[in-house]
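Trainee: Here's my sequence, what's the structure:
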Amino acid sequence: MSATTDTLAAVLRSGEGRFDLNTVTLEAPAAHQVLVRVVATGMCHTDSVARAIGNFPVILGHEGAGVVEAVGSAVSSLRPGDHVVLTFDSCGACPACHGGRPYHCTGFELLNFGGFGAESRASARLADGEDVANRWFGQSSFAGYALANERNAVKLPDDVDLELVGPLGCGIMTGAGCVINVMRLRPGDSVAVFGAGAVGLAAVMAAKASGAGRIVAVDVHAGRRALALELGADRVVDPAAVDDLAGEVVGDEGPFDCSLDTTSRGEVMAAATEVIGRPGLAVLVGAGFEPLTLAPTSLAGKSVSYAYMGNSNPHVFIPELISLWQRGLFPFDRLITTFPFADVNQAEAASAAGSAIKPVLLMNGDRR
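Mentor: This is a model prediction of the structure:
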C-alpha cells in the first residue's frame, strides 16, 4: 500500500452550502488507526448539526460500514479484510473508558465533534493542498475510504450485510440503547417516545423486544406514526393536532415509567418530563440547542438524563443488536432508504423533509 490514499469524499465547505464531491488524499494510518474501504454509511441528524459547529471544510458521516484495508503499527484486534462498522470515538485512557463506559469518555466532545480527532489536526487534504477535517466522530465516512481508530471500529462476521449495518454505529444504537441500557426497561413497563425518526423508532422496536406493556409514539409525520404502530407502538399521537401534548400522550391510562425525547425542542422535552410518573425517568438524546426549562418541584420523584449514544459500549452492544435483528426481534432494516453516494444532497434533503427515516449512502452507486 502507498503512503497515502486518494478517495472521493463529500466535502462541506460552509454551514449553508451543499456537499461537493471532491478527491481528497488521506495520510497512511497512524499507529492505532485503520484505513477502511467504506461500503455504505448512514446519514444522521447529527451530521446536519455539524453545519452549526464549523471547522470547514469538513467530511462528515459517522455511521460507516466497510472493510479494513490497512492497519497501523500498534493495531492488534483488526487486520486487512475484516468487516467493521464504525462508531463513536473514545480515548481509551480515562476512568470511564477503563470502566467500559466509552460514552462517558472525558474527551468525547473533542474526539467526536471537533473534526480533527485527538491529534487536533487534519490528516486529509484537497487537491490544492488545503486541509480538510476528516475525523468527524473519529471516521468521516462520507467518503470511499476513511481513517478510524481501532477503538471505534467494531469487527463483524463476514456474512453481515455491510450495506445495512452502518446505522447501528450511532442512530439505531442510540435509540435502542436508551431503552435497554439507560431505562433498563422491564417486561410490563411503559414508555412514551417523542419523535419517531430513526432514533425514536429504534427505541420503539427495543421496547417491544423488551416486553413493554405500553408504548406510545409521538410524531408529526403520518407515515412515521403508521410505521411506529407496525413496529410495536400501541398508540400514536400527532402533536400538531392537540393542544395539551402531555395530556394526550398520557390519556386515560396514567403516567409512564419512562419517556424518551429525540427532538431537542424545549416544549417537547418538557412534555417528556410531564408524562412520567413517580418514580419515572425521562431520557433526552436530541442533538439540538434549545434549552429545557422546568420548575424544580415538577421533578419530585422523577429523574432526567441526557444520554450520549444510548450509554452503549459498541463492541458489546452492536453484536447484541445484530443478534436481535437476525432473530426477527429488531427489524431496523425497515427504516432504511438507500441512495447512491453521488446523491448525498438529495439524501440530506429527504431526511430533513421526513420522507426518508434513515438514509444510507451506497458507495458503489447502486440504489435498492
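
Trainee: Dump the lowest-mean-pLDDT helix or strand in the chain to PDB, keeping only the CA atoms.
Mentor: Least confident helix or strand of the chain, by mean pLDDT, DSSP states H and E, is helix 45-53 with a mean of 88. As requested, the backbone C-alpha atoms of helix 45-53 are provided in PDB (Å, rounded to 0.1, in the frame of the first residue of the first chain):
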ATOM      1  CA  HIS A  45     -29.400  14.300  12.100                       C
ATOM      2  CA  THR A  46     -26.100  15.000  13.900                       C
ATOM      3  CA  ASP A  47     -24.400  15.300  10.500                       C
ATOM      4  CA  SER A  48     -26.700  18.300   9.900                       C
ATOM      5  CA  VAL A  49     -25.900  19.700  13.300                       C
ATOM      6  CA  ALA A  50     -22.300  19.900  12.200                       C
ATOM      7  CA  ARG A  51     -23.300  22.800   9.900                       C
ATOM      8  CA  ALA A  52     -23.600  24.900  13.100                       C
ATOM      9  CA  ILE A  53     -20.300  23.700  14.500                       C
END
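
Trainee: Tell me the buried residues in it?
Mentor: Residues 45-47, 49-51 are the ones in helix 45-53 that count as buried (16 or more other CB atoms under 10 Å). Heads up, the C-betas are built off the backbone N, CA and C, glycines and all.

Trainee: go on, stretch 187-201?
Mentor: By neighbour count on 16+ other CB under 10 Å, the buried set for stretch 187-201 is 189-201.

Trainee: Nearest to residue 243 among the buried residues of helix 45-53?
Mentor: residue 45 (27.3 Å; CB to CB).

Trainee: residue contacts, the closest one?
Mentor: With CB atoms under 8 Å, 6 or more residues apart in numbering as the criterion, the residues that contact residue 45 are 171, 197, 287, 351.

Trainee: Likewise for residue 246?
Mentor: Residue 246 makes contacts with 271, 274-275, as judged by CB under 8 Å, 6+ apart.

Trainee: Inside strands: which ones of those residues?
Mentor: Using DSSP state E, no member of those falls within strands.

Trainee: ChimeraX command to pick out the buried ones of these?
Mentor: The following ChimeraX line selects those of those that are buried, judged by 16+ other CB under 10 Å:
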select :271,274,275
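
Trainee: Run through who's touching stretch 161-168.
Mentor: Outside of stretch 161-168, the residues that reach it under the criterion CB under 8 Å, 6+ apart are 39-42, 44, 63-67, 83, 85-87, 141, 156, 198, 318, 321-322, 332-333, 335-336, 338, 358, 360, 362, 368.

Trainee: hang on, isn't residue 114 packed against residue 55?
Mentor: Yes: the pair formed by residue 114 and residue 55 meets the contact definition of CB atoms under 8 Å, at 6.7 Å.
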